[in-house]
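Sequence and computational prediction follow.
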Amino acid sequence: MTSDLRRRVTLLPLEDKVRLLTGRTGWVLHAATEIGLLPITVSDGPAGVRGTEATEDEHSAGVPSPTAVAAAWDTELMERVGRFFAAEARRKDVDVVLAPVLNLHRSPAGGRHFECFSEDPHLTAELGAAFVRAVQGEGVGTCPKHFIGNETEHERTGYVSRIDERTLREVYLPPFEAVLDAGAWTVMAAYNGVDDGAESSTMTEHHRLLTDLLKGELGFDGVVFSDWAAARSTAPSADAGLDIVMPGPDGPWGRALVDAVRAGEVDESVIDEKVVRLLRLAERVGKLDRDNTPAVAGEDEHVILREVGSRGHVLLRNEGDVLPLADSVRTVALIGPNAVDAYTQGGGSAHVNAEYLVDPAEGLREVLPEHVEVTLVRGGDPRRLLPVVSTEYLTEADLTLYDGRGETIDTPEVPGGAFHIDAQESAERAVLVSNLTLTEPGTHRIEVAAMGVHTIRIDDEVVSESDQRASVDDILQSRHAHPEGPRVEIEVPEGTGPRTVSIDVDMEVGDFGGFGRGVIVQIRHAPPGPTVEEEIQEAVRVAETADVAIVVVGTNDEVESEGYDRPTLALPGSQDELVRRVNAANPNTTVVVNAGAPVLLPWLDEVPAVLWSWFGGQEYGHALADTLTGRAEPTGRLPWTLPRDHDDVPILDTRPVDGIHDYAEGVFVGHRAYDRDGIEPHRPFGFGLGYTDWRIDDAALSTPGTTPGTDGLVPGAPTVTVTLTNTGRRPGHHVVQVYLEPPTEDGPPRPLRSLAAFASVRVAPGRTVTVDLDVPPRALAIWDPLEHAWRTPEGVYHLAVGSSSRAITHRLTFNVR
Ligand code: BGC
């Protein structure tokens, strides 16, 4: 077929071929019907399928975030989720879903941690491959991202990750290799650069990694997309192996690339090759010659998303079986900022417009019997910024756009207190004239922020001025989501009636590069209200008289998002204080953590029950209620290590040094670093309790054609057979984990223990099952940077079988000679 695709390419003139290589819009590629190419649509992303600009208002199913799904450690569940994504994609006319994210949790502070699967390469590889297999099995493309070395967000468009060859091969490349083996049709080149010891280039220009490794050695025959606005050069990126520049319609290729070909800087065959790849993608997704994109039958979204939510929940502690809630419970104190305002998706491009969100109170009230009384209180606002002003206070807001001559060209409607309004090419200046009407007596706090060059006046007084121009980096670093602005306090004296405050913003229309032109403004406001301390006191009062207290703590969009990392792993605001005081007031306290990435839980071993509930998507409250009441089992296991303290974290600071992220820890990422340093984590990698009890009765090793435990075993694919009994009274899932412990003699340092195989198994109470786990031969091998090849060192190997990286019950031995 490739010859047919090549023939088609010869029918197009150079200009037309090059035109195809930049998006037609942010999400849709160009068509060339004369050669049978129909437009291909791509869409984010890993927590649901958002759709394109044209369909943004349509609802998308809000799926639990990738970490939440990954926590089930279940490739079959991931396949179901993948098929659901394919159905969503087809429903929204999307041909390629920009997922999965295969970057690792190198640091728990990474801002997009919630979008990735794990700190572990093997777990990431298996789950990523399952997702790709399932989505593409339905004829919809995937785009594994961000290739490669994009583990953190701070200055993400500028830094270079310095990763030595062995570390690249053993840790960061395996997930990408696994999705290529699963047949991924596209890959996204990251914003950052990589110095792999042989070449240091930004990833869209990395010839060695894109052309030599990905397309050459690993045989990738699909399309390499640039991350959005990542490509900033013409010939270097075209020559390095990038195939499509996104977003369109502008960008560094187009006319400049045609000229580069004409000038002999880029060979025309390089262009042809990219078009062949694009046509191959079209063929695969059903967009060649005719639209062949039949609908995919997906599972009912309410059912699958609710089930997946509980499957990922990780029970971290359950003293005295506080969970599931007893039938005798009559009153529930539901407390916490995230009980009131659950954070169910991370911030940034993974965000989808879900049609609804089931919050914890709604979920609990639906699932608990009617006579159970649920009282909801917040217990203090943990946010740094004030909330966006409600329309009840924003009594006037008029925006006018002017051209360079000062003529009015548009008066777009202002949708509320926070807006990002696109502006046409000719718009240069924008003026917002608005009024807040403050009703309650007391102190009102107001913040006003605008991106780019601006002057802000409150009651005619200048409170902020900037001559700093807006840029594409404001979007890429997510500054647009939480623009900084001055805070003022305005007193409304008792008995004086409402007070009107004028807020005027005069600003330059910002140029956000590939993300268009426009204005971004936020007016935020907090009316007089109780202090954090007063709210905590109220929470304690409610907890004291309730049968049980459930405290939902967590992060929010100020903390976990694409575009920035976290400077601290502490819970924001006074949430630790809230937990401690509620726990002291009620002996039946459960804490639910609503976060996508590790936060420190200094009270973890003081509170009876602690459940990690992730970002659960639109069904968050239902899944949470199912788990808390025991309608469902929390079957999750931690896909990363939970640190006790900041000092324990192997890599905490995510700021590049002189533009470089040095992956100097090598292969010692996550739990491997804790093992190396002999640090006891607060909860280890792979940990999770569930509601039933387990016993691993036996583990045996069999390797085809060899005898375990004796000399002379050649490295094949050892199979571990585990006998497992559910010794409790409820059905449940157990995740059996097998870790490889390599020989400790000579050779380069290796992790004491690395994950080699796992299986999530459902077992009825009292039943015993046997589970076979295949250890891939690669698990035994190390990358030899001198030979540029895999090598399996001789010596005595162990396979450690258990229920977390630290709970090992059986150890099997074999030799490699
Ligand atoms: C993100 C990608 C995403 C793209 C399109 C980028 O900023 O890094 O993950 O797919 O935007 O939204």
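Yep, that arrived.

only C-alpha atoms for contact and neighbour calcs from this point on.
Fine.

What segments of the stretch 1-150 of the chain are strands?
Taking DSSP state E, counting those that start in this stretch, the strands of the stretch 1-150 of the chain run over residues 42-43, 96-97, 141-142.

Which strands border the last one, and is each parallel or antiparallel?
When pairs are called by DSSP bridges, strand 141-142 turns out to pair with strand 96-97 (parallel).

quick one: the strand it pairs with near the ligand?
No: figure legend: strand 96-97 not in contact with the ligand (C-alpha under 6 Å from any ligand atom); closest approach 8.7 Å.

Need the mean per-residue confidence for that strand.
Averaging pLDDT along strand 96-97 yields 98.

chain center to it, what's the gap?
Using C-alpha atoms, centre = their mean, to the nearest Å, we find the averaged C-alpha position of strand 96-97 to lie 16 Å away from the chain's own average C-alpha position.

about what we covered before: please work out which of the strands of the stretch 1-150 of the chain is packed deepest.
Mean neighbours per residue, mean count of other C-alpha atoms under 10 Å, is largest over the strands of the stretch 1-150 of the chain for strand 141-142, with a mean of 30.

closest point of the stretch 51-200 of the chain to the ligand, which residue?
residue 98 (5.4 Å; C-alpha to the nearest ligand atom).

for the residue in the stretch 501-650 of the chain positioned nearest to the ligand, what are its contacts?
Of all residues in the stretch 501-650 of the chain, residue 562 sits closest to the ligand, at 7.4 Å by C-alpha to the nearest ligand atom. Applying C-alpha atoms under 8 Å, 6 or more residues apart in numbering to residue 562 gives the contacts 111, 112, 153, 346, 347, 348, 349, 477, 478.

same deal with residue 400?
408, 409, 410, 411, 412, 430, 431, 432.

Tell me where the stretch 351-500 of the chain has strands.
So, for the stretch 351-500 of the chain - with DSSP E, counting those that start in this stretch - the strands run 373-377, 394-402, 408-410, 418-422, 429-438, 442-450, 454-458, 461-466, 487-492, 499-508.

among those strands, where is the model least confident on average?
Ranked by mean pLDDT, those bottom out at strand 418-422, with a mean of 91.

Now do it: which elements does it pack against?
Under the contact criterion of 3 or more C-alpha pairs under 8 Å, 6 or more residues apart in numbering; DSSP states H and E, the helices and strands touching strand 418-422 comprise strand 517-526.

Tell me the spacing between residue 595 and residue 556.
When distance is defined by C-alpha to C-alpha, to the nearest Å, residue 595 is 8 Å away from residue 556.

any shared contact partners between those two?
Counting by C-alpha under 8 Å, 6+ apart, the contacts common to residue 595 and residue 556 are residue 343.

Neighbour count: these two, which is higher?
For residue 595 versus residue 556, the count of surrounding residues by other C-alpha atoms under 10 Å is larger for residue 595: 28 against 25.

so the more buried one sits right up against residue 555, yeah?
Yes: here residue 595 reaches residue 555: they are 5.4 Å apart, a contact under C-alpha atoms under 8 Å.

Which neighbours do those two have in common?
Taking C-alpha under 8 Å, 6+ apart as the contact definition, residue 595 and residue 555 share the neighbouring residues residue 343.

re earlier: how about the strands of the stretch 1-150 of the chain in JSON lines, adding distance to residue 495?
Converted to JSON lines, the strands of the stretch 1-150 of the chain look like this (distance: least, C-alpha to C-alpha, whole Å):
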{"stretch": "strand 42-43", "distance to residue 495": "54"}
{"stretch": "strand 96-97", "distance to residue 495": "57"}
{"stretch": "strand 141-142", "distance to residue 495": "62"}
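
tell me the contacts of the closest residue to residue 726 other than its chain neighbours?
In space, not counting the residues next to it along the chain, residue 726 is nearest to residue 694; the distance is 4.8 Å by C-alpha to C-alpha, 6 or more residues apart in numbering. The contact partners of residue 694, by C-alpha under 8 Å, 6+ apart, come to 724, 725, 726, 727, 728, 734.

again, 7 Å this time
Listed by C-alpha atoms under 7 Å, 6 or more residues apart in numbering, the contact set of residue 694 reads 725, 726, 727, 728.

Now rank those by neighbours and give me the top one.
That'd be residue 726 among the contacts of residue 694, by other C-alpha under 10 Å, with 23 neighbours.

separation between that one and residue 762?
Plainly put, residue 726 is 9 Å away from residue 762 if you go by C-alpha to C-alpha.

again, but for residue 725
Relative to residue 762, and taking C-alpha to C-alpha, residue 725 is found at 10 Å.

Kindly report the same for residue 162.
Applying C-alpha to C-alpha to residue 162 and residue 762 gives a distance of 42 Å.

So these two - more neighbours on which side?
When residue 162 and residue 762 are compared on other C-alpha under 10 Å, the one with more neighbours turns out to be residue 162, at 19 against 14.

What's opposite the more buried one in the beta bridge?
Counting by DSSP bridges, the residues bridging with residue 162 are residue 195, residue 662.

Touching, it and residue 663? I think so.
Yes: applying C-alpha atoms under 7 Å as the test, residue 162 and residue 663 come out as touching, 5.8 Å apart.

middle-most residue in the protein, spatially?
A centroid search over the chain (C-alpha atoms, centre = their mean) returns residue 115, at 1.1 Å, as the residue closest to the centre.

hang on, isn't that one packed against residue 63?
No: applying C-alpha under 7 Å, one finds residue 115 not in contact with residue 63, separated by 11.5 Å.

one step back: take the contacts of residue 694 and write them to JSON lines, including pLDDT and distance to the ligand.
What follows is the contacts of residue 694, written out as JSON lines (pLDDT from 0 to 100; distance: C-alpha to the nearest ligand atom, whole Å):
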{"residue": "725", "pLDDT": "98", "distance to the ligand": "42"}
{"residue": "726", "pLDDT": "98", "distance to the ligand": "41"}
{"residue": "727", "pLDDT": "98", "distance to the ligand": "44"}
{"residue": "728", "pLDDT": "96", "distance to the ligand": "43"}
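
As a markdown table, the residues you listed with secondary structure would be great.
What follows is the contacts of residue 694, written out as a markdown table (DSSP: H, G, I helix; E, B strand; the rest coil):
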| residue | secondary structure |
| --- | --- |
| 725 | strand |
| 726 | strand |
| 727 | coil |
| 728 | coil |
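
From the residues you listed, pick the one nearest residue 397.
Distances from those to residue 397 were compared by C-alpha to C-alpha; the smallest belongs to residue 728, at 61.7 Å.

who in the stretch 51-200 of the chain is up against the ligand?
By C-alpha under 6 Å from any ligand atom, the part of the stretch 51-200 of the chain that sits against the ligand consists of residue 98.

which residues of the stretch 51-200 of the chain fall in helices?
For the stretch 51-200 of the chain, helices defined by DSSP state H, counting those that start in this stretch occupy the ranges 66-70, 75-91, 121-137, 165-167, 174-181.

Helices of the stretch 601-750 of the chain, residue ranges please.
Assignment of helices within the stretch 601-750 of the chain using DSSP H, counting those that start in this stretch yields the ranges 620-629, 671-677.

which one of those is the most hemmed in?
Compared across the helices of the stretch 601-750 of the chain, helix 620-629 shows the largest average neighbour count, a mean of 27 (mean count of other C-alpha under 10 Å).

For the nearest residue to residue 490 once chain neighbours are set aside, give me its contacts.
Beyond its immediate neighbours in the sequence, the residue positioned closest to residue 490 (C-alpha to C-alpha, 6+ apart) is residue 444, lying 5.1 Å away. For residue 444, the residues meeting the contact criterion (C-alpha under 7 Å, 6+ apart) are 489, 490, 491, 526, 527, 528.

By neighbour count, which of the residues you listed wins?
Neighbour tally across those (other C-alpha under 10 Å): the maximum, 19 neighbours, falls on residue 527.

And that residue, how far from residue 458?
Taking C-alpha to C-alpha as the measure, residue 527 and residue 458 are separated by 17 Å.
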